[in-house]
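J.: Would you be able to build a 3D model of this:
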Amino acid sequence: MKKIVLYGDSNTYGYDPCGILDRRYPKEDRWPDLLAGNPEWDIRAYGLNGRTIPRHNAEYAYLDQILMNTAPFDLFVIMLGSNDLLYMMEPDIEYVKACADHMLSYLLGRSCIQGDGSRILLLAPPPFQIKDPYSARHVSASQDFAKAYQQLSDARHTHFADVGQWNIAIAYDGVHFTEAGHHTFAKQMDAVLTDIFTPRSEAPL
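T.: Numbers count the residues shown, from 1 in each chain. The predicted model follows:
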């Protein structure tokens, strides 16, 4: 069994934009819990509504707490950046990329990772589908997540996946996954994890 830590925002938490009460999908419709249905994975999910890429000491202190609570682990999965763009009056994907790069550098310096990029999976969030004309610049900037994060992954030698290629169903707000989207995400993530942890046979001479 592989221990996998999930570090993300409301789409990892399972936020339901149409819900009432705690506004969270039930466990059977949240991708981390669906993923945990595979006995190969020991899933530790840390999703938080509104979370951005860490920038302040307190945010990095909380990240360190997660690392200490879960180490040793086999893979640390990150899906962040959407809120960073949404909170910007002038969305700048290069700034988000720089923040993500600093986070990766920080993680690689922790003793539980020891510079091993193969213990990190960086996910590029899917582009926004917001219909409000005011958000057109944010939608446009979000379309560059995949390119920016692929470059980071290549530079830091981490695993990478582009969630924008997974055909995730997005709710009316153009940001959050629907219940069906969570099921699709779980299936795609399961395939990515299986690929990461499947031993590669050497090519014949």
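J.: The one residue sitting closest to the centre of the chain and His183: what is the separation?
T.: Residue closest to the mean C-alpha point of the chain, counted by C-alpha atoms, centre = their mean, is Met79 at 1.4 Å. To His183, Met79 is 17 Å away according to C-beta to C-beta, to the nearest Å. Yep, even glycine has a C-beta here, placed from its N, CA and C like the rest.
J.: thinking again about what came up before, correct me, but the residue nearest to the centre of the chain touches Val163?
T.: Yes. Assessed by C-beta atoms under 8 Å, Met79 is found in contact with Val163 at 7.0 Å.
J.: so what's in contact with the two at the same time?
T.: 123, 125 (C-beta atoms under 8 Å, 6 or more residues apart in numbering).
J.: Identify the residue spatially nearest to Val163, adjacent ones excluded.
T.: Distances taken as C-beta to C-beta, 6 or more residues apart in numbering place Pro126 nearest to Val163, at 4.8 Å, with adjacent residues excluded.
J.: Secondary structure element holding His102?
T.: Using DSSP states H and E, His102 sits within helix 93-108.
J.: Quick one: distance of that helix to the chain centre.
T.: Distance of helix 93-108 from the chain centroid (C-alpha atoms, centre = their mean, to the nearest Å) equals 13 Å.
J.: Output the contacting helices and strands for the helix or strand hosting Lys187.
T.: Using DSSP H and E, Lys187 sits within helix 179-197. Helices and strands touching helix 179-197, by 3 or more C-beta pairs under 8 Å, 6 or more residues apart in numbering; DSSP states H and E, are strand 2-8, helix 31-35, strand 159-162.
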